[in-house]
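# coords please:
(2 chains)
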Protein chains: 2
Amino acid sequence: MRYELYYWPSIQGRGEFVRLALEAAGADYVDVARRGGAGRNAVGKLIYGARIRTPQFAPPVLKAGKIVVSHAANILQFLGPRHGLAPKAEAGRLWTHSLQLTITDFVKEIHDTHHPISSNLYYDDQKKEAKAYTREFLKSRAPKYLGYFEDVLRRNGGRHLVGRSLTYPDLSLFQIVTGLRYAFPRTMKKLEKDIPLSVKLRDAVEQRPRIAAYLASPRRIAFNEDGIFRHYPELER
Amino acid sequence: MRYELYYWPSIQGRGEFVRLALEAAGADYVDVARRGGAGRNAVGKLIYGARIRTPQFAPPVLKAGKIVVSHAANILQFLGPRHGLAPKAEAGRLWTHSLQLTITDFVKEIHDTHHPISSNLYYDDQKKEAKAYTREFLKSRAPKYLGYFEDVLRRNGGRHLVGRSLTYPDLSLFQIVTGLRYAFPRTMKKLEKDIPLSVKLRDAVEQRPRIAAYLASPRRIAFNEDGIFRHYPELER
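As a prediction, the model looks like this:
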């Protein structure tokens, strides 16, 4: 069965956490909106279409045959045990999902560094507030979240967040560290000194053959200033 | 087996979504921190304790024997199928969880109406930004979320969000509408005209015998200005 991923075609965004899992699993999938034209409309149709019984609030949405799942973390808990990217037993699945939901919260706070007042307003119209938000974010929130995942890694032996092999939160932590480096390079230089295990995990994920192939392919969209991780140098000053 | 809920003892907060499910299910549980003294320390211990293999990022945390789950939405997906508050089949469980994760996002935005810049700063130190955030929130975000759940109710026959009986997102929608009424009474008077099914569901939940008994009991903490839903009249002006 071929999975269908419905997500915006021009950003990594929240869809990237799903793309990384599909790629790491070597799963057969199509990134529907990236096929262009009709594909792009398909995202809206699946979400709002008049005939849909269960309208999703927002992409990413994954279709797997008759199953339709939205929210990146929910999609990942669906994919995880099917592709060896999460434990199969209940306690382990719930723990893995808890980690991912903490990633979700972190991602929202990262997003809000450039849009603290409203997603409906331009960045330029909330730049002053973005600076105030980012100052607090880089001073306390980012270290708190990063320190948490570092702690989880340490308590689990250092190489993986869950168990003894790759799981989907490992992939997400790769994306978080990589994205924060893009958005806040000066601050990350300092913060990374305190999270050596996370940096090592990031590097290990990057070097996995399937992930390396993905990152080098046109399927990987570059970071840009429409996504979650945005490089606005003035925010770091 | 008696469930143990670990959450702050003086606010409804995110723990309330779990309390409502436990109460609606008539489940045997103890709200650990509300026992006082040692109970309050237990929250911190469970989360940060040096001997814990899987430290949770934040409460609420539910212990069910050897299973430990954090994040309200994750706890609810664990409890749901066990207590008839969610479908048992996979597609239904995933859909129910998608709805709850949208509730989670909504709750975060509600929280940010009084803390748009940082949770580490006092409300008084971000009042101006809180007004700007709340203006956009009440104008576009609250109507968008509420309209979404109203749409889900309508497409599902009008009485429940999922299937033909009560599920945990129904309980959460009760809490959302009730909390928004407390925080933003003037705006909700207007917004409620557009969400008749949601208001009817809220009333039906309130009148369920177990929920009515809970709301009248000392177990239900009153809304207050330390929680998520805060009544700061100046924000609505």
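
# could you list which residues are in contact with the closest residue to A:Glu136 other than its chain neighbours?
Among residues not flanking A:Glu136 along the chain, B:Ser118 sits closest, at 3.7 Å (Cβ to Cβ, 6 or more residues apart in numbering or on different chains). C-betas here are computed from N, CA, C, even on glycine. Contacts for B:Ser118 (Cβ atoms under 8 Å, 6 or more residues apart in numbering or on different chains) come out as A:132-133, A:136-137, A:140-141, B:126.

# in JSON lines: those residues, plus pLDDT, distance to B:Tyr168 and neighbour count.
Output for the contacts of B:Ser118, formatted as JSON lines (pLDDT from 0 to 100; distance: Cβ to Cβ, whole Å; neighbours: other Cβ atoms under 10 Å in any protein chain shown):
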{"residue": "A:Ala132", "pLDDT": "97", "distance to B:Tyr168": "37", "neighbour count": "18"}
{"residue": "A:Tyr133", "pLDDT": "98", "distance to B:Tyr168": "32", "neighbour count": "25"}
{"residue": "A:Glu136", "pLDDT": "97", "distance to B:Tyr168": "33", "neighbour count": "19"}
{"residue": "A:Phe137", "pLDDT": "98", "distance to B:Tyr168": "32", "neighbour count": "24"}
{"residue": "A:Ser140", "pLDDT": "97", "distance to B:Tyr168": "32", "neighbour count": "13"}
{"residue": "A:Arg141", "pLDDT": "98", "distance to B:Tyr168": "29", "neighbour count": "21"}
{"residue": "B:Gln126", "pLDDT": "97", "distance to B:Tyr168": "33", "neighbour count": "22"}
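
# contact partners for A:Gly36?
A:Pro9.

# between the helix ranked longest in chain A and helix B:90-112, how big is the angle?
Determined from DSSP state H, the single longest helix within chain A is helix A:90-112. In terms of direction (axes from the mean of the first three to the mean of the last three Cα atoms, to 10 degrees), helix A:90-112 departs from helix B:90-112 by 40 degrees.

# low-confidence ranges in chain A?
A:40, A:48 (pLDDT under 70).

# please parse it into its domains.
Domain ranges of chain A: A:3-82, A:90-220, per automatic domain parsing.

# if we can go back for a sec, relative to the whole chain's centre, how far out is the longest helix of chain A?
Mean C-alpha position of helix A:90-112 versus that of the full chain (Cα atoms, centre = their mean, to the nearest Å) differs by 10 Å.

# again with stretch A:41-57
For stretch A:41-57, the distance to the chain centre is 23 Å (Cα atoms, centre = their mean).

# ok, the residue nearest to A:Ala212 when sequence neighbours are not counted - contacts?
Of all residues not flanking A:Ala212 in the chain, A:Glu206 sits nearest, at 6.6 Å (Cβ to Cβ, 6+ apart). Neighbour list for A:Glu206: A:174, A:178, A:212, A:215 [criterion: Cβ under 8 Å, 6+ apart].

# the third one: which element?
Taking DSSP states H and E as the criterion, A:Ala212 maps to helix A:209-216.

# please enumerate the strands of chain A.
A:3-6, A:29-31, A:61-64, A:67-70 (DSSP state E).

# how about the ones you listed in JSON lines, adding distance to B:Tyr3 and mean neighbour count?
Formatted as JSON lines, the strands of chain A follow (distance: least, Cβ to Cβ, whole Å; neighbours: other Cβ atoms under 10 Å in any protein chain shown):
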{"stretch": "strand A:3-6", "distance to B:Tyr3": "36", "mean neighbour count": "22"}
{"stretch": "strand A:29-31", "distance to B:Tyr3": "38", "mean neighbour count": "19"}
{"stretch": "strand A:61-64", "distance to B:Tyr3": "32", "mean neighbour count": "22"}
{"stretch": "strand A:67-70", "distance to B:Tyr3": "27", "mean neighbour count": "20"}
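
# switch these over to TSV; also include distance to chain B.
Formatted as TSV, those follow (distance: least, Cβ to the nearest Cβ, whole Å):
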stretch	distance to chain B
strand A:3-6	13
strand A:29-31	17
strand A:61-64	9
strand A:67-70	5
